[in-house]
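Novice: Give me coordinates for this.
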Amino acid sequence: ALCDSESDVQILIVTLLEAILEGMGLDELVGVTQNRTLAGAECDVLLIYKRNRLPFAVIEAKKPGNSEEGRRLVFEGLPIDLGGNRVAGEVYAEMKAIQLFGYPTVTGMIST
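Specialist: Alright, predicted model coming up:
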């Protein structure tokens, strides 16, 4: 399926995650939530522990580029002097925000 926007990518990611969690029997323990702001960081998708509603993992959704260069930029970014890898920076900021909830280790992912 082609995605025309980042929100289309996000919907596919959430649908897949929810199916995986259900298939593994973890849907009563782990939830998926979208579009939340934590400590100023805008998170596309969060995995949350349902018992206390605290997030423990973040997924940054990106629309895949339509060209080889566009796809490369999502994962590799620009040279440091031209701004560096902004996507990795977004994920890092989101992971640091989740750590404020007391988790020493947080998982962050980028998905297209």
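
Novice: Now do the same for the nearest residue in space to C3 that is not next to it in sequence: helix, strand or coil?
Specialist: Leaving aside its sequence neighbours, C3 sits nearest to V9 (Cβ to Cβ, 6 or more residues apart in numbering; 4.7 Å). All C-beta atoms are positioned from the backbone trio N, CA, C, and that covers glycine. Here V9 is helix, with the state taken from DSSP: H, G, I helix; E, B strand; the rest coil.

Novice: number of nearby residues for V9?
Specialist: 20 (other Cβ atoms under 10 Å).

Novice: That one and E90, how far apart?
Specialist: 14 Å (Cβ to Cβ, to the nearest Å).

Novice: Equivalent analysis for S67, please.
Specialist: In terms of Cβ to Cβ, S67 sits 21 Å off from E90.

Novice: Tell me which helix or strand in this protein has the weakest average pLDDT.
Specialist: Here the helix or strand of the chain ranked lowest by mean pLDDT, DSSP states H and E is helix 68-76, holding a mean of 70.

Novice: next structured bit after it?
Specialist: Next along the chain after helix 68-76, taking DSSP states H and E as the criterion, comes helix 86-99.

Novice: Cool, thanks, talk later.
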